[in-house]
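> Fold the following and give me the result.
(one chain, ligands or ions: 2)
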Amino acid sequence: MNARKGGLVAGRFDTEVRQSSLVWLPDGEEFEWVAQRMARLVGDANRDRFRFVLDGFEERTQLASYGPGHYYNWHIDRGRGAVAGRRKLTLSVQLTDPAGYLGGELELNADGHPFQAPRDQGTMVVFAAHTIHRVAPVISGNRLSLVAWVHGPDFV
Ligand SMILES: O=C(O)CCC(=O)C(=O)O
Ligand SMILES: [Fe+2]
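Ligands and ions are numbered 1, 2, ... in the order given. Now for the predicted structure:
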């Protein structure tokens, strides 16, 4: 793996790493039900699996759109900044019917064996924010995802 391409070089955000378009969901009542549903599911996942100390969502939810040729190369979401450095869980909701695009797999590599996340529409994938992952290039169609992070104090 190429660390530069993988986006592991601090503070860089360039098109070698990512091509997609994104918007941030606004605060407010309209999307409150989405936030609540995500919070409930991630709470369950954390209780069952991760058992991380968490203290909430500190960033807006991201709606990303990947068209043909778009991708997000291997990277981790836990960064160095005041907020990104507190990311502990990543969650990604598959918004698009899998029949609507080719390619665009969300892949995780927690242990040396890449794993393809389920594509089923409505699935929420939860993983540790320090897990290396990518979105493979979309070949045709369009993939939409909702991505949010849950934050908490340092692992010690
Ligand atoms: O689109 C996705 O499912 C994941 C995107 C991603 O890795 C990110 O925004 O950090
Ligand atoms: Fe990511």
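> which residues does A128 bridge with?
L89 (DSSP bridges).
> What's the separation between it and D27?
Going from A128 to D27 by CB to CB, to the nearest Å gives 26 Å. From N, CA and C alone the C-beta is placed, and that goes for glycine too.
> More neighbours: which of the two?
Counted by other CB atoms under 10 Å, A128 and D27 do not tie: A128 has more neighbours, with 19 against 11.
> Might you report the residue contacts of the more buried one?
Counting by CB atoms under 8 Å, 6 or more residues apart in numbering, A128 touches F50, F52, K88, L89, T90, A110.
> which ones are touching the fifth one?
Contact criterion CB under 8 Å, 6+ apart gives D77, V126, F127, A128, A129, T131, H133, V147, A148, W149 as the residues in contact with T90.
> Any figure for the gap between the fifth one and S92?
Pointing back at A129 there. In terms of CB to CB, A129 sits 11 Å off from S92.
> hang on, A45 in a helix?
Yes: judged by DSSP: H, G, I helix; E, B strand; the rest coil, A45 forms part of a helix.
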